[in-house]
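# curious how this folds, go ahead:
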Amino acid sequence: MSRRTAAAVFLVLAASCSTSLGPGTIGPARFDYNQAVVQSANEQMLLNLVRLRYRDTPLVLEVGSVVASYTFDAEAGASAGVRPGPDKTESAFGLGLGSTERPTISYAPLHGTDFVKRLLSPLPPETIMMLSRSGWSAERLLLACARQVNGLENAPGAGGPTPDYAPRYEEVQEAVGLLRKLQIAGVAVAKEDARKEAQVTYLDFSSPVDEETRAGLARVRELLDLDPAINRFQIRSGTLDRQPADICLVGRSVMGVMYY
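Residues are numbered from 1 along each chain as shown. Predicted structure coming up:
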């Protein structure tokens, strides 16, 4: 075997020992799997919305885990021999490189008790208001996620299969629309008080600075039957035994939100 052939074999073996295939797969593989899972989840949601529209049974199939293993193979070989003839020596050189990806993806259908808890249980007010504190529109959240706000019905029939009648919810729609304007103006702000044993969510009404905002706040108080002398209202679930400083909110289930 010539010196040039021996050097080539050595370089191939050295490269195979120092390959960065493992670390190099993290960036593109993580991004690709992330994109694939998100796109699949969006398509599954859209599919279930279409199923609900035509009163078919929805199914949620969750991606439980994604495990991807990678292998890298490199081999090199050389041979030399003697044969009759003018050139009595011969040599041969072989090089082989290869990589393999073996993804293992597990799926878990949502059914039974998990299905009931996650899709059919009403959303707690704390969850709805937590999204509001994160910057979500109070109007969008309450219209989609609340079935009743302080006695105002928010199209409860729209939280199931398409009803035969058009639901009426003009008053609650006006109220949550005004709440959104107050939220933008910084007048109606959802806050959380953790000083007690359990965290309590409040809606604080600060003093409006202009006449239009004051008129909007007064109309919200009228629609939701709120005491004008109180500026801090506790958000709680249920409809019974409402106190003057309470805003009672009955949430829809996740299935109800999807129907809506």
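
# going by C-alpha atoms from here, please, whenever you check contacts or count neighbours.
Fine.

# measure V60 to L152 for me?
Using CA to CA, to the nearest Å, one gets 32 Å for the distance from V60 to L152.

# what does L249 give?
Distance of L249 to L152, given as CA to CA: 10 Å.

# the two: which is more packed in?
More crowded of L249 and L152, by other CA atoms under 10 Å: L249, with 25 against 18.

# give the pairing partners of the strand or helix carrying that one; include direction for each.
Under the criterion of DSSP states H and E, L249 resides in strand 246-251. Under the criterion DSSP bridges, strand 246-251 sits next to strand 146-149 (antiparallel), strand 232-237 (parallel) in its sheet.

# which strands and helices sit next to the helix or strand just after the shortest one?
In this case it means strand 146-149. With elements assigned by DSSP H and E, the helix or strand that comes after strand 146-149 is strand 152-153. Other helices and strands packing on strand 152-153, by 3 or more CA pairs under 8 Å, 6 or more residues apart in numbering; DSSP states H and E, are helix 170-185.

# what helices and strands are in contact with the next helix-or-strand element following the helix it packs on?
Per DSSP H and E, the first helix or strand lying C-terminal to helix 170-185 is strand 188-193. For strand 188-193, the packing partners by 3+ CA pairs under 8 Å, 6+ apart come out as helix 125-133, helix 170-185, strand 200-205.

# tilt between the helix or strand that the first one is followed by and helix 125-133?
Scanning the chain past helix 125-133 towards its C-terminal end, the next helix or strand to appear is helix 138-145 (assignment: DSSP H and E). For the pair helix 138-145 and helix 125-133, the angle between their directions (axes from the mean of the first three to the mean of the last three CA atoms, to 10 degrees) equals 150 degrees.

# and among the strands paired with strand 246-251, the most buried is which?
strand 146-149 (a mean of 25; mean count of other CA atoms under 10 Å).

# got a list of contacts for it?
153-156, 159, 172, 224, 247-252 (CA atoms under 8 Å, 6 or more residues apart in numbering).

# for those, which single residue is the most surrounded?
Within the contacts of strand 146-149, most neighbours by other CA under 10 Å means R252, with 27 neighbours.

# now do the contacts for that residue.
Counted by CA under 8 Å, 6+ apart, R252 has contacts S121, P122, L123, A144, C145, A146, R147, G159.

# what is the nearest of those to D56?
Closest to D56 out of these is G159 (15.3 Å), distances taken as CA to CA.

# where does pLDDT dip in the stretch 51-200 of the chain?
For the stretch 51-200 of the chain, the stretches with pLDDT under 70 are 74-95, 97, 194-199.

# one more time with 90
When residues are selected by pLDDT under 90, those of the stretch 51-200 of the chain lie in 53, 55, 57-58, 64, 66-103, 110-120, 125-136, 151, 155-169, 186-200.
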